[in-house]
Structure formats: C-alpha cells, structure tokens
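K.L.:
Quick one: sequence plus predicted model below, questions after.
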Amino acid sequence: MDTIYLKGLTLKCTIGVWQWEQAIKQTLKLDIELSTDASKAAQDDDLEQALDYQKVAERMQMVANEAPVKLLETLATRLANVLLDEFETTRVKLTLDKGQAVKGVKNVGIIIERSRD
Ligand SMILES: Nc1nc2c(c(=O)[nH]1)N=C([C@H](O)[C@@H](O)CO)CN2
C-alpha cells in the first residue's frame, strides 16, 4: 500500500469551548496521510486514476469552514469521515494542530487514525 500525504494545510474555522472562540476564526494546521494504491495512476500517468491531493486539500478547507465546533475531536472526526466517504482510501491519519492554544505549550492538537474495510 502507498501513502499520499499533505503537511501543514491551513484551515480557517470557528473552534473552541469558550464563548470568545465562537466569535472568531482561528487558524489550524492539518497533516494528512491517506492509504492508496498508486500503481494504476503511475502506470498510465493519469490524474483521473490517482487520489488527487489538491481535491483533498480543497475539501478539507471547505469542511473546516462549514460549521462551528467546540472540540478538536469533533472537527478531526468530521474531516476523517469525509476522507473515507468521498475519496479512494481505506485508512486515514490526521494531525490537527491548534498552535499555542494553551499557555506555556509550544503546540497542542490531536492525532486520529480511522479506517474502513
Ligand atoms: N481535548 C480537548 N481539550 C480542549 C479543547 C479541545 O478541543 N479538545 N479545547 C480547549 C479550548 O478551546 C482551548 O483550545 C482554548 O482555550 C481546551 N481543551
């Protein structure tokens, strides 16, 4: 199995448990790993048969923009579900980074892995 990855994708979204966070947009960084079989796309040199990472990036930004959430867990799960439902992949790993959301911490975030048969 092969892996398509994106690192440091910028997402703008309304996220956070506090009232002030629900009134602003914050910037998160997203890393994604998607399992794929790259052999057919490589053999024919054909984007149509590839897992298109540009479409993945655009879809992730759309989902993040859509609805306010409180928890990183909620957004990460929504993003993973969209990847599994809409793209040719059976395993996803997401790292969602909220930067310096906690005083004294360099970075804070969540890593989730999801798969389907
Ligand atoms: N497990 C989590 N803990 C916390 C979250 C979260 O999304 N998941 N969020 C917050 C606040 O929104 C924080 O980011 C800003 O003060 C606190 N803990």
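P.N.:
On my side now, so go ahead.
K.L.:
Pull the residues that contact stretch 72-83.
P.N.:
13, 15, 28, 30, 32, 34, 56, 59-60, 63-64, 69, 89, 92, 94, 96, 98, 109-110, 112, 114 (CB atoms under 8 Å, 6 or more residues apart in numbering). Backbone N, C-alpha and C define where each C-beta goes, glycine included.
K.L.:
ok, of those, which come out buried?
P.N.:
Taking 16 or more other CB atoms under 10 Å as the criterion, what is buried in the contacts of stretch 72-83 is 13, 15, 28, 30, 32, 34, 56, 59-60, 63-64, 69, 89, 92, 94, 96, 98, 109, 114.
K.L.:
now the chain, which segments are flagged as low pLDDT?
P.N.:
Across the chain, no stretch falls below the confidence threshold (pLDDT under 70).
K.L.:
Swap in 90 and give it another go.
P.N.:
Along the chain, the model assigns pLDDT under 90 to residues 67, 117.
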